[in-house]
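J.: A predicted structure for the sequence below; I have some questions about it.
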Amino acid sequence: MIGTPAEPTPESMRVLLVEDDSATAELMRRTLVRSGYSVDVAAGVEAGLNALDGSQRNGYVALLLDYHLPDGEPWLLADVAHARIPPVPVILVTGISDEGVAIEGLRRGFADYVKKTAGFLDELPAVLKRVAHLSRIKGRLDETSALMSAIVEQSSDLMAVCNGEGKLAYVSPACLTLLGKDSAELVGRFWTEVVAAEDRDALLDMLAATRQNPTEAATLRCCRKDGSLAWVEARVSLLKASSSAEPTIVLTLHDVTAQRIHQEQIQSSLREKEILLREIHHRVKNNLQVIQSLLKMRARLLPEGETRAAIEATGQRVYAMALVHERLYQRKDLASLSLSDYLRDLFAGVENTSFCEHDQIQLRLDADDIQLDLDCAVPFGLLANELMSNCFKHGFPDGRRGSVEISIHRVDGVVNLVIRDNGVGLPEKFDAGTSTSMGLKLAASLAHQLGGSLQFTSDAGCRIESNLKRL
């Protein structure tokens with residue numbers, strides 16, 4: 001887990017001191033021991049190399065290196081220390097007042113430079129503490145950088161970084177898998193060239209929108225090397241190292257080509273099923289209309305009477321069911337139909353099959369926007385057909401004019417249906433429960449199927465009410 005540098009422990013505070021003057025080395029060792037360090041002393045280059053080579057398990061926090069050594073130049077030791085993993089920071093400790101030596105040491109990456117003045121022993125622990133602390137911080141940063149680099153390099157998402165000029169400075173290796181191109185083919189090109197020409201404006205719009213919505217994503221297209229298209233989910237963000245620095249654009253592309261193809265296949269399959277379902281509803285409607293036509297033809301061949309009336313009533317019921325399928329295949333979603341539109345059409349159908357004159361009976365409809373699915377539409381259509389047919393048949397004899405009012409509203413999860421007319425009203429001592437009328441028995445059964453029952457009252461006409469709990 002990456003975090004703040006841990007506090008050093010005695011085991012982690014080992015220092016390698018390479019000093020050929022034994023007296024000076026002893027003074028430096030005692031000074032550092034008093035400050036909590038463990039000090040290994042080497043008298044020359046060879047001894048220092050052996051000490052570095054033997055410190056594989058417990059590395060040194062720093063190398064204190066004298067400039068004048070009897071068996072070679074100090075630069076060799078410094079190079080070996082810097083080559084260790086993790087690197088060992090080097091502090092040059094010398095009595096020479098030559099600025100050229102200090103400059104050469106800094107050029108070679110030395111962490112600090114200490115002159116052997118009269119008070120250098122007092123200065124040395126603070127210098128060593130600062131260098132060791134900075135080394136630990138650098139080590140943590142290096143670990144974090146290595147981890148981030150590994151994540152980016154191994155990620156299947158393409159990650160690209162561009163400079164202030166809008167040119168790509170880095171493109172992750174996923175570029176080869178996603179686009180069939182090597183990273184080097186894109187570095188140095190403008191960042192918008194990663195996506196297809198048609199989608200470059202969309203990419204610029206995303207960049208402009210980052211101030212309002214830094215997490216905005218868009219599905220765009222990229223051109224592969226072979227000319228095919230890859231669909232990607234693109235994200236754009238801006239990074240600023242400081243308030244005065246030019247922002248860096250970071251572009252992340254996640255390949256969604258497979259999902260896109262799968263989604264298109266699903267959409268295609270749904271369209272095919274929708275077409276098939278429309279065709280089924282259309283054919284069912286046609287077949288029901290054929291049955292209705294056959295019933296009408298048969299009814300015309302019969303004399304006026306109960307048998308002819310029964311066949312005509314059956315034909316009107318078939319029409320109510322056919323109308324459900326007709327309305328469904330005309331709808332966009334095929335899942336439901338509008339109750340109010342259906343009732344208007346059904347009323348017109350009842351009017352056409354009755355013996356009333358056109359506009360003799362008016363419809364007054366007050367209905368909520370209720371959608372009916374197929375399971376409920378057919379029984380509701382048959383129920384409404386029976387109740388409206390009864391109004392036409394019994395409420396307005398001898399050419400009497402009037403109206404049929406239908407009120408249907410959803411209240412507390414229950415659909416309240418009221419059908420009333422201003423006709424002659426119900427007969428005296430009317431009892432729906434004991435009636436032998438097939439139409440009333442059918443209507444009562446259909447209302448029960450929809451979770452309700454029928455209540456008949458006669459008040460300036462006939463009034464029928466039901467609370468349909470399953471509609």
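T.: That came in fine, so what should we check first? Computed from a predicted model, the values in this text were never measured in an experiment.
J.: low pLDDT regions in the stretch 101-250 of the chain?
T.: Within the stretch 101-250 of the chain, the stretches with pLDDT under 70 are 142, 144-152, 214-215, 241-246.
J.: over to the stretch 351-471 of the chain?
T.: Of all residues in the stretch 351-471 of the chain, none has pLDDT under 70.
J.: and whichever helix or strand Leu417 is part of, which residues are buried?
T.: Using DSSP states H and E, Leu417 sits within strand 414-421. Buried residues in strand 414-421, counting neighbours by 16 or more other Cβ atoms under 10 Å, are found at 414-417, 419-421. Every residue, glycine included, has its C-beta placed from N, CA and C.
J.: can you tell me the SS state at the residue nearest to Leu204 when sequence neighbours are not counted?
T.: Once flanking residues are discounted, Leu204 sits nearest to Thr192: 6.7 Å by Cβ to Cβ, 6 or more residues apart in numbering. Following DSSP: H, G, I helix; E, B strand; the rest coil, Thr192 is assigned to helix.
J.: neighbours around Thr192, how many?
T.: Using other Cβ atoms under 10 Å, Thr192 has 19 neighbouring residues.
J.: touching, it and Leu203? I think so.
T.: Yes - contact criterion Cβ atoms under 8 Å: Thr192 and Leu203 qualify, at 5.4 Å.
J.: next SSE after the longest helix seen in the chain?
T.: Across the chain, the longest stretch assigned as helix under DSSP state H is helix 257-300. Going down the chain from helix 257-300, the next helix or strand is helix 306-330, by DSSP H and E.
J.: tell me the mean pLDDT for that following helix?
T.: For helix 306-330, the mean per-residue pLDDT is 90.
J.: so what secondary structure elements neighbour that helix?
T.: helix 257-300, strand 336-338, helix 339-353, helix 374-395, helix 438-449 (3 or more Cβ pairs under 8 Å, 6 or more residues apart in numbering; DSSP states H and E).
J.: how far away from the center of its chain is it?
T.: Centroid separation between helix 306-330 and its chain, computed with Cα atoms, centre = their mean, to the nearest Å, is 47 Å.
J.: residues of that helix that come out buried?
T.: Neighbour-count burial for helix 306-330, with 16+ other Cβ under 10 Å as criterion, is recorded at 311-329.
J.: list the helices and strands the longest helix of the chain packs on?
T.: Here helix 257-300 touches strand 229-239, helix 306-330, going by 3+ Cβ pairs under 8 Å, 6+ apart.
J.: can you put those in JSON lines and add distance to Leu253?
T.: Formatted as JSON lines, these follow (distance: least, Cβ to Cβ, whole Å):
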{"stretch": "strand 229-239", "distance to Leu253": "4"}
{"stretch": "helix 306-330", "distance to Leu253": "43"}
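J.: what's the closest non-adjacent residue to Ala78?
T.: Distances taken as Cβ to Cβ, 6+ apart place Val90 nearest to Ala78, at 4.8 Å, with adjacent residues excluded.
J.: again, but for Val161
T.: Tyr170 (4.3 Å).
J.: likewise for Arg400?
T.: Take Arg400 and drop its neighbours on the chain: the residue closest to it by Cβ to Cβ, 6+ apart is Gly423, 6.7 Å away.
J.: residues contacting that neighbour?
T.: Going by Cβ atoms under 8 Å, 6 or more residues apart in numbering, Gly423 touches 391, 394-396, 400, 402, 461-462.
J.: give me the element it is part of.
T.: For Gly423, there is no helix or strand it lies in under DSSP H and E.
J.: Leu77 now?
T.: Here Leu77 is assigned to helix 74-83, by DSSP H and E.
J.: run through the neighbouring helices and strands of that helix.
T.: Counting contacts by 3+ Cβ pairs under 8 Å, 6+ apart, helix 74-83 packs against helix 45-53, strand 62-66, strand 90-94.
J.: those: which one's closest to Ala377?
T.: Nearest of the helices and strands packed on helix 74-83 to Ala377, taken as Cβ to Cβ: strand 62-66 at 85.6 Å.
J.: before we move on, back to that, average pLDDT across the longest helix of the chain?
T.: Averaging pLDDT along helix 257-300 gives 90.
J.: now the angle from the strand holding Leu417 to helix 339-353?
T.: Angle between the axes of strand 414-421 and helix 339-353 is 30 degrees (criterion: axes from the mean of the first three to the mean of the last three Cα atoms, to 10 degrees).
J.: strand 414-421 pairs with which strands, parallel or anti?
T.: In the sheet, strand 414-421 lines up against strand 402-411 (antiparallel), strand 462-468 (antiparallel) (DSSP bridges).
J.: buried deepest among those strands, which one?
T.: Ranked by average neighbour count under the criterion mean count of other Cβ atoms under 10 Å, the strands paired with strand 414-421 are headed by strand 462-468 at a mean of 20.
J.: before we move on, the earlier item: now render the strands paired with strand 414-421 as a markdown table, adding distance to Asp375.
T.: Shown next, in a markdown table, are the strands paired with strand 414-421 (distance: least, Cβ to Cβ, whole Å):
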| stretch | distance to Asp375 |
| --- | --- |
| strand 402-411 | 17 |
| strand 462-468 | 13 |
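J.: for Val41, helix, strand, or coil?
T.: Quick answer, by three-state DSSP: Val41 is strand.
J.: quick one: contacts for it?
T.: Val41 is in contact with 17-19, 25, 29, counting by Cβ under 8 Å, 6+ apart.
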